[in-house]
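[1] predicted model follows, preceded by the sequence.
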Amino acid sequence: MDDLLRITVAEALRLPDMQRGLPEVLTCPDALDRPIRWVHASEAPNVASLLTGGELLLTTGMHLGAGPTARREYVAGLAAGGLAALVIELGLALNAVPADMCMAAQEAGLPLIALHREVPFVKVTEAIHTELINRRYGLLQEGDAIKQRLIDLTLAGEGVSEVLRTFSNIVGNPVFLESANGALLFHAGCGDDLDAWEHLDRLGAGVILEQPVPMGHAAGSGRLVILATRRTLCELDQVALGHAASIVALALLRAREEEQLIVRERGNLLADLQDGTLRGVDATRQAERLGFRIRSRSLMAFAFTEIPECPSPTRAALVADVQRALDGLGLAALVGGRARRESLLALVAVSEGRARRELADEVAAVIRRAGHQRHPTSRVIIAADGPAGWSAAGDALSMASQTLTCAAALPNADWYDATELELERLLWALRGEGRLGEFVQRTLGPLFEHDRNRKLQLLPTLEALCLNGGRKAETARALHLHRQALYHRITRIESLLGISLSDPVRLLTLHVALRARCCVTEEQRPNS
């Protein structure tokens with residue numbers, strides 16, 4: 001990586017204070033592009049142990065009279081310590097640099113420079129350090145200018161994509177924004193740069209620069225990467241990358257906050273409709289302000305949630321995903337949520353001639369897909385009611401929410417129809433009363449006891465008989481049984497329960513008890 005914060009040996013030799021010493025390069029003239037990180041003036045023979053790499057060492061050579069072996073060891077130690085160059089001022093201790101030192105420096109690849117005239121080392125040190133400080137200041141100024149340019153973009157309302165495109169143009173290389181799990185969120189550059197991105201982690205440190213980017217609550221950190229496919233990386237790129245990563249993080253946070261505010265505002269309207277505090281003309285006027293303008297007089301109401309529930313930012317993103325997907329399908333929709341631990345709500349316009357179930361299937365598929373993408377481990381539950389006009393839209397949302405509450409205990413379904421679950425909602429409303437559990441146990445207890453210890457269970461037979469209205473032929477077909485086998489099971493059930501399944505009232509009672517099993521609390525649940 002080019003180093004804008006360091007002056008090279010060649011540049012240091014051209015400084016006026018160094019030129020006054022009449023410098024002569026004795027060894028390795030092709031290594032004068034080495035960067036100088038700092039300057040030391042020392043006469044100590046063990047100075048090599050103090051080096052950290054990249055220093056320019058100034059000396060008069062007072063300690064170099066110990067003989068060729070000591071001098072060669074001295075030079076080798078300096079080279080091993082990463083010295084950028086050795087400068088020896090002649091006249092005070094040495095009239096000429098010993099040949100053995102020159103040979104040792106040449107072998108070690110260390111530039112060795114002789115000063116033929118005395119110069120104050122403090123002046124040389126000050127001149128080089130001033131140059132380093134000036135470069136640091138200039139670098140910071142350039143970095144601040146880039147930072148301000150990117151900030152101006154965000155203040156002008158530009159999103160992350162435009163910020164990254166501008167940043168890519170500034171650094172002259174493609175840039176990539178990755179999520180916490182390494183997925184590519186956006187890249188700015190040419191299309192063929194994507195091929196290089198796939199091998200990013202195998203590329204050397206001199207080819208890429210990266211900076212962590214916070215992705216929000218519980219989401220971890222992604223990263224912003226510069227890939228050197230156009231020009232060599234430099235210190236300014238590293239400074240600019242730090243600024244860009246912070247600005248991108250803030251832009252992502254702002255986008256999430258805006259998204260959450262929009263979701264919350266839509267959710268407030270839908271919740272007010274559901275609660276009955278907003279109706280009729282006021283409801284349509286507020287919906288129009290939020291962009292929900294429809295000609296249809298019919299609306300389908302949806303309520304949905306995830307089990308387990310996602311964090312608030314994920315829920316907001318889920319709602320936004322659903323809204324965008326429905327908009328993309330040409331469905332006029334209003335999707336939102338008010339607070340955690342409440343169901344998410346949606347109103348979808350029903351176009352003329354559109355079948356109710358077909359529309360519900362399409363909307364439910366969108367919600368499930370968005371839920372799986374945002375929170376793959378959650379189960380998405382969806383309930384629907386309607387169609388209804390604006391005057392009854394709140395009631396439809398309420399029915400959908402109530403249905404959603406009891407649907408969590410029901411067998412999995414693509415979506416739950418509120419019009420088909422009146423009994424379940426009634427039973428769910430009674431779930432806190434111990435009498436419901438007692439009713440289930442009293443009505444079905446002998447069957448629970450029978451099925452607990454036997455391979456051939458009778459509850460599925462009773463459920464099929466109830467679902468088919470007591471019609472034995474349909475029940476036999478549903479269970480794939482011969483009629484005689486079914487009659488035998490029915491006789492066994494009647495014997496255990498002490499009733500006749502031909503009695504429609506008794507059969508209805510059993511059907512209600514079967515439906516009530518999923519509504520009773522855990523403490524009330526029979527040991528079935």
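    Alright, I've got the coordinates.

[2] report the separation between Pro446 and Leu459.
    Separation of Pro446 from Leu459 (CB to CB, to the nearest Å): 11 Å. Every residue, glycine included, has its C-beta placed from N, CA and C.

[3] likewise Leu132?
    84 Å.

[4] could you do Gly291 as well?
    Distance from Gly291 to Leu459, by CB to CB: 50 Å.

[5] higher neighbour count, the two?
    With neighbours defined as other CB atoms under 10 Å, Gly291 and Leu459 compare such that Leu459 has more, 16 against 12.

[6] and for Ser168, the neighbour number?
    Using other CB under 10 Å: Ser168 sits among 22 other residues.

[7] mind listing the strands for the stretch 351-500 of the chain?
    379-388, 416-417 (DSSP state E, counting those that start in this stretch).

[8] what helices or strands is the last one leaning on?
    Same thing as strand 416-417. strand 379-388, helix 390-407 (3 or more CB pairs under 8 Å, 6 or more residues apart in numbering; DSSP states H and E).

[9] do the longest one as well
    In this structure, strand 379-388 packs against strand 299-307, helix 356-374, helix 390-407, strand 416-417, with contacts taken as 3+ CB pairs under 8 Å, 6+ apart.

[10] same thing but at 6 Å, please
    Other elements packing on strand 379-388 under the criterion 3 or more CB pairs under 6 Å, 6 or more residues apart in numbering; DSSP states H and E are strand 299-307, helix 356-374, helix 390-407.

[11] bridging residues for Glu178?
    For Glu178, the beta-bridge partners under DSSP bridges are Leu184, Arg223.

[12] and what about Val248, helix, strand or coil?
    Classification of Val248 using DSSP: H, G, I helix; E, B strand; the rest coil returns helix.

[13] pull out the buried residues from the one helix or strand Glu11 maps to.
    For Glu11, the host element (DSSP states H and E) is helix 9-13. By 16 or more other CB atoms under 10 Å, the buried positions in helix 9-13 come out as Val9, Glu11, Ala12, Leu13.

[14] just stretch 15-24 next, same as before
    Buried residues in stretch 15-24 (16+ other CB under 10 Å): Leu15, Asp17, Met18, Gly21, Pro23.

[15] what's the first-to-last distance across that stretch?
    14 Å (CA to CA, to the nearest Å).

[16] next, give phi and psi for Leu22.
    Here is the backbone geometry of Leu22 (degrees, to the nearest 10): phi 50, psi 60.

[17] wait, which of the helices and strands packed on strand 379-388 is closest to Leu140?
    helix 356-374 (40.8 Å; CB to CB).

[18] please name every helix or strand in contact with the closest one.
    Partner elements for helix 356-374 (3+ CB pairs under 6 Å, 6+ apart): strand 299-307, helix 312-328, strand 379-388.

[19] got those as a markdown table, with mean neighbour count and mean pLDDT columns?
    Listed next are those as a markdown table, based on neighbours: other CB atoms under 10 Å; pLDDT from 0 to 100:
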| stretch | mean neighbour count | mean pLDDT |
| --- | --- | --- |
| strand 299-307 | 25 | 89 |
| helix 312-328 | 20 | 83 |
| strand 379-388 | 24 | 89 |
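
[20] turn those into JSON lines, including distance to Leu465.
    JSON lines is the format used below for the helices and strands packed on helix 356-374 (distance: least, CB to CB, whole Å):
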{"stretch": "strand 299-307", "distance to Leu465": "31"}
{"stretch": "helix 312-328", "distance to Leu465": "40"}
{"stretch": "strand 379-388", "distance to Leu465": "27"}
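
[21] out of these, which gets nearest to Gly109?
    Per CB to CB, nearest to Gly109 of the helices and strands packed on helix 356-374: helix 312-328, 55.5 Å.

[22] could you give the angle of the closest one to strand 379-388?
    Interaxial angle of helix 312-328 relative to strand 379-388 (axes from the mean of the first three to the mean of the last three CA atoms, to 10 degrees): 50 degrees.

[23] roughly how far out does helix 312-328 sit from the chain middle?
    Distance, stretch centre to chain centre, for helix 312-328: 15 Å (CA atoms, centre = their mean, to the nearest Å).

[24] again, but for stretch 416-431
    38 Å.

[25] phi and psi next, for Ile88.
    The phi/psi pair for Ile88 (degrees, to the nearest 10) is phi -110, psi 120.

[26] what is the mean pLDDT for the helix or strand Arg136 falls within?
    In this structure, Arg136 sits in helix 121-155 according to DSSP H and E. For helix 121-155, the mean pLDDT works out to 85.

[27] and whichever helix or strand comes after that helix, what's buried?
    The helix or strand immediately downstream of helix 121-155 is helix 160-171, counting by DSSP H and E. Buried residues in helix 160-171, counted by 16+ other CB under 10 Å: Val160, Glu162, Val163, Leu164, Arg165, Thr166, Phe167, Ser168, Ile170, Val171.

[28] which among those residues gets closest to Ala464?
    Using CB to CB, the buried residues of helix 160-171 come closest to Ala464 at Val160, 56.0 Å.

[29] near the residue lying closest to that closest one once chain neighbours are set aside, how many other residues are there?
    Leaving out its chain neighbours, the residue that sits closest to Val160 by CB to CB, 6 or more residues apart in numbering is Ala251, at 4.8 Å. For Ala251, the neighbour count with other CB under 10 Å is 21.

[30] again with Arg425
    Other residues close to Arg425 by other CB under 10 Å number 16.

[31] quick check: it vs Phe304, distance?
    For Arg425, the distance to Phe304 - CB to CB - is 17 Å.

[32] what are the buried residues along the helix or strand where Leu508 lies?
    Assigned by DSSP H and E, Leu508 belongs to helix 504-516. By neighbour count on 16+ other CB under 10 Å, the buried set for helix 504-516 is Arg506, Leu507, Leu510, His511, Val512, Ala513, Leu514, Arg515, Ala516.

[33] okay, helices next: where are they in the stretch 1-150 of the chain?
    9-13, 16-19, 68-80, 99-108, 121-155 (DSSP state H, counting those that start in this stretch).

[34] please identify the deepest-packed of those.
    helix 9-13 (a mean of 19; mean count of other CB atoms under 10 Å).

[35] contacts for the helix holding Leu508 next, please.
    Residues from elsewhere that reach helix 504-516 (CB atoms under 6 Å, 6 or more residues apart in numbering): Leu423, Leu427, Leu436, Val440, Thr443, Leu444, Glu463, Cys466, Gly470, Ile499, Leu501.

[36] for Thr487, which non-adjacent residue is spatially closest?
    Small correction: residue 487 is Tyr, not Thr. Lys472 (7.4 Å).

[37] gap between that neighbour and Leu456?
    As judged by CB to CB, Lys472 and Leu456 stand 18 Å apart.

[38] between those two, which one's more packed in?
    Lys472 (16 against 10).

[39] just the pLDDT for the more buried one.
    86.

[40] hmm, back to that, got the helices and strands packed on strand 379-388 as JSON lines, with distance to Ala349 columns?
    Below are the helices and strands packed on strand 379-388 laid out as JSON lines (distance: least, CB to CB, whole Å):
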{"stretch": "strand 299-307", "distance to Ala349": "6"}
{"stretch": "helix 356-374", "distance to Ala349": "9"}
{"stretch": "helix 390-407", "distance to Ala349": "11"}
